[in-house]
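A.B. asks: Provided below for reference: sequence and predicted model.
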Number of protein chains: 2
Amino acid sequence: MVSVSPCPHGYPGEACIVCKVRHISVCAALSATELSALDELAQHVRFSQRETIFLQGADADWVYNITGGVARLYTLLPDGRRQIVGFALPGDFLGLAMGKTHPFGADAIEQVSACRFSRTAFSLLIDRKPHLLRRLHEFATHELSLAQDQMTLLGRRTAEEKVIMFLLGMRERWTRLGSASVTVHLPMSRQDMADFLGLSLETVSRTLNRLAREKVIILVPDGVRITDLERLIRPVAA
Amino acid sequence: MVSVSPCPHGYPGEACIVCKVRHISVCAALSATELSALDELAQHVRFSQRETIFLQGADADWVYNITGGVARLYTLLPDGRRQIVGFALPGDFLGLAMGKTHPFGADAIEQVSACRFSRTAFSLLIDRKPHLLRRLHEFATHELSLAQDQMTLLGRRTAEEKVIMFLLGMRERWTRLGSASVTVHLPMSRQDMADFLGLSLETVSRTLNRLAREKVIILVPDGVRITDLERLIRPVAA
DNA sequence: GCCGTTGTTTGACACGCATCAATGCCGGCC
DNA sequence: GGCCGGCATTGATGCGTGTCAAACAACGGC
């Protein structure tokens, strides 16, 4: 069950690391007054593990900003095949597509907390604040560029390259969030990775374990430690 | 060699079909004064068959709007593998990513003509005209949604489904441009289709010819005629 | 006309990854 | 503590595509 409450996030300079991320990514474009206006609009919501955030095709009533946990975004084919189009980490936005309905579904991999704004309120705010729109547009074109990289990965990379690039990609995203850990946190299941990379879960598992046997990575619960970055990167670039 | 001249395009209501497309897609957000300001900025350019429009990683100095012909957009891996991330038809925009450099390369499949604006001038225009930015943002999120569909196609569809969806997708795009023909125009080579669908050119050729043998399509020079839409659609949805 | 070039078709074969299946591991719960 | 359900691992096997190769068609140049 989703729990709802006023959003308790802070502002840049305050203690909350997650919310710092959020403000850097979008709200930097807003004045203090506008930020507090946004604050009044915002609701804090929580989703438990495996809970659906929104379904593919559902009306897009809310815009979400993840403040904790990881969500998976996916499209489903009628026969059950699934493609995960992305993972949403703290700081990421969800439901920004301008259409009336969500083009993909989203659910919580671990417990997820998020700030939620009504789409209409958000839309009004955008109309009054062009600079915020510009920020959103940059975000969207960045996402587009990532999606095109992912198309190259899905269409033209081998299984091993896919897995390696996934690990490096996740590492980069976590370090960007300020996690200084050498271990890359991977809360998603093998099946999730497989559906993201266009592989079977068995191939993901085999590849991961082969890399571990070759001492390039070390498998740990809910993650991997990258021990030999050189050997990881070279076969990908070549 | 690229040929450059002042852009001769017209406005909505005038004869030029290609430019009508262009104005519907973006310039509808502009006033008549702004349109003519844009006109003065615009250059008309032509690229001959196989000519490069811009290279992956090159400085993004120009924004292009295709007015005739078809271009392919692609990323290259160091070892020569190629992924075509999209085909640009008349009316489409190129080089809109906000970054300093192009994240993908583009070249002309047939002879291509386009309107070209300097990025800085275009950027200034955007700053003065929020509504235009909104239009661009909608365009970008639409592209993002298409890219996610393509990810699903690349990761989870079989070769036959890929080819069928490509044909239906191209048909939809041409009909949207007002081409009433029953024949889908396909100016790209088998290799181009293969690199778009994550297949080998032989698999594309075999699949196309099998569909023709099953009398679902008819192969014609530079295109196909879809004769049995029912049988084409059913296996895709299922 | 003929030939060289470029793209397409078709066949034979190989291989990477999916599929099927069995076992192992771990955490939750009664 | 022991059972049970979900996820991960590992092996055996098969199939869908890729790869290699040869023949063919279309086209332009001389």
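C.D. replies: Looks like it arrived, so ask away.
A.B. asks: so how many other residues sit close to A:Lys100?
C.D. replies: A:Lys100 has 9 neighbouring residues, counting by other Cβ atoms under 10 Å in any protein chain shown. Every residue, glycine included, has its C-beta placed from N, CA and C.
A.B. asks: now swap in A:Ala121 and tell me
C.D. replies: 16.
A.B. asks: how near is it to chain B?
C.D. replies: Here A:Ala121 is placed at a distance of 17 Å from chain B (Cβ to the nearest Cβ, to the nearest Å).
A.B. asks: so that residue lies in a helix, does it not?
C.D. replies: Yes. Residue state for A:Ala121 (DSSP: H, G, I helix; E, B strand; the rest coil) corresponds to a helix.
A.B. asks: could you check the pLDDT of it?
C.D. replies: We have a pLDDT of 81 for A:Ala121.
A.B. asks: flag the helix or strand of chain A with the lowest per-element mean pLDDT.
C.D. replies: Sorting the helices and strands of chain A by mean pLDDT, DSSP states H and E puts helix A:17-25 at the bottom, at a mean of 44.
A.B. asks: domain assignment for chain A?
C.D. replies: As recorded under automatic domain parsing, the domains making up chain A are A:3-150, A:157-237.
A.B. asks: which one of those domains lies nearest to B:Gly95?
C.D. replies: B:Gly95 sits nearest to domain A:3-150 of all the domains of chain A, at 11.0 Å, using Cβ to Cβ.
A.B. asks: hang on, the earlier thing: make a markdown table from the domains of chain A and add distance to B:Glu172 to it.
C.D. replies: Listed next are these as a markdown table, based on distance: least, Cβ to Cβ, whole Å:
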| stretch | distance to B:Glu172 |
| --- | --- |
| domain A:3-150 | 16 |
| domain A:157-237 | 24 |
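A.B. asks: would you convert those domains into a markdown table that also reports distance to DNA strand D?
C.D. replies: Putting the domains of chain A into a markdown table (distance: least, Cβ to the nearest atom of the strand, whole Å) gives the following:
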| stretch | distance to DNA strand D |
| --- | --- |
| domain A:3-150 | 7 |
| domain A:157-237 | 3 |
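A.B. asks: residue nearest the centroid of chain A?
C.D. replies: A:Ala88 (1.5 Å; Cα atoms, centre = their mean).
A.B. asks: which residues touch that residue?
C.D. replies: Residues counted as contacts of A:Ala88 (Cβ atoms under 8 Å, 6 or more residues apart in numbering or on different chains) are A:66, A:70-73, A:94, A:106.
A.B. asks: mind running it again at 7 Å?
C.D. replies: Shown in contact with A:Ala88 (Cβ atoms under 7 Å, 6 or more residues apart in numbering or on different chains): A:66, A:70-71, A:73, A:94, A:106.
A.B. asks: quick check: closest non-adjacent residue to it.
C.D. replies: Sequence neighbours aside, A:Ala71 is the residue nearest to A:Ala88 in space, at 4.3 Å (criterion: Cβ to Cβ, 6 or more residues apart in numbering or on different chains).
A.B. asks: so the one you found sits against A:Thr52, correct?
C.D. replies: No. Using Cβ atoms under 7 Å, A:Ala71 makes no contact with A:Thr52, being 10.0 Å away.
A.B. asks: residues shared between the contacts of those two?
C.D. replies: A:Asp107.
A.B. asks: more neighbours: the two, which one.
C.D. replies: A:Ala71 (25 against 13).
A.B. asks: closest to B:Leu124 out of the domains of chain A?
C.D. replies: domain A:3-150 (12.9 Å).
A.B. asks: any part of the strand or helix carrying A:Ile53 near chain B?
C.D. replies: Assigned by DSSP states H and E, A:Ile53 belongs to strand A:52-54. No. Judged by Cβ under 7 Å from any Cβ of the partner chain, strand A:52-54 stays clear of chain B, getting no closer than 14.9 Å.
A.B. asks: quick one: contacts of that strand?
C.D. replies: Residues contacting strand A:52-54 (Cβ under 7 Å, 6+ apart): A:47, A:64, A:71, A:94-95, A:102, A:105-108.
A.B. asks: can you do 6 Å?
C.D. replies: Identification of contacts with strand A:52-54 by Cβ atoms under 6 Å, 6 or more residues apart in numbering or on different chains yields A:47, A:102, A:106-107.
A.B. asks: next, A:Ser113: secondary structure please.
C.D. replies: strand.
A.B. asks: hmm, back to that, isn't the residue nearest to A:Ala88 right up against A:Ala108?
C.D. replies: Yes. Look at A:Ala71 against A:Ala108 with Cβ atoms under 6 Å: they come within range, at 5.5 Å.
A.B. asks: which neighbours do these two share?
C.D. replies: Joint contacts of A:Ala71 and A:Ala108 (Cβ under 6 Å, 6+ apart) do not exist.
A.B. asks: distance between the ends of stretch A:98-118?
C.D. replies: Taking Cα to Cα, to the nearest Å, stretch A:98-118 runs 13 Å from one end to the other.
A.B. asks: and that stretch, which residues are buried?
C.D. replies: Residues of stretch A:98-118 classed as buried: A:98, A:102-110, A:112-117 (neighbour count, 16 or more other Cβ atoms under 10 Å in any protein chain shown).
A.B. asks: hmm, that stretch in reach of DNA strand C?
C.D. replies: No. Stretch A:98-118 lies out of reach of DNA strand C by Cβ under 7 Å from any atom of the strand, never closer than 12.7 Å.
A.B. asks: please see if that stretch touches chain B.
C.D. replies: Yes. Applying Cβ under 6 Å from any Cβ of the partner chain, one finds stretch A:98-118 in contact with chain B at A:98, A:103.
A.B. asks: what parts of chain A come near chain B?
C.D. replies: A:75, A:81, A:83, A:85, A:97-98, A:103, A:130, A:133, A:137-138, A:140-141, A:143-145, A:147-148, A:150-152, A:154-156, A:198.
A.B. asks: of the residues you listed, keep whichever come out buried.
C.D. replies: A:75, A:83, A:85, A:97-98, A:103, A:130, A:133, A:137-138, A:140-141, A:143-145, A:147-148, A:150-152, A:154-156, A:198.
A.B. asks: ok, and the closest non-adjacent residue to A:Pro103?
C.D. replies: Distance criterion Cβ to Cβ, 6+ apart; nearest residue to A:Pro103, sequence neighbours excluded, is B:Ser145 at 4.6 Å.
A.B. asks: so which strand or helix has that neighbour?
C.D. replies: Assigned by DSSP H and E, B:Ser145 falls in helix B:130-156.
A.B. asks: what angle sits between that helix and helix A:130-156?
C.D. replies: Interaxial angle, helix B:130-156 versus helix A:130-156 (axes from the mean of the first three to the mean of the last three Cα atoms, to 10 degrees): 20 degrees.
A.B. asks: now do helix B:130-156, average pLDDT.
C.D. replies: Helix B:130-156 shows a mean pLDDT of 91.
A.B. asks: quick one: mean pLDDT over the very next helix or strand once past that helix.
C.D. replies: Downstream of helix B:130-156, the first helix or strand assigned by DSSP H and E is helix B:159-176. When pLDDT is averaged over helix B:159-176, the result is 95.
A.B. asks: and helix B:159-176, what's buried?
C.D. replies: So, applying 16+ other Cβ under 10 Å, buried residues of helix B:159-176: B:159-171, B:173-174.
A.B. asks: okay then, goodbye and thanks.
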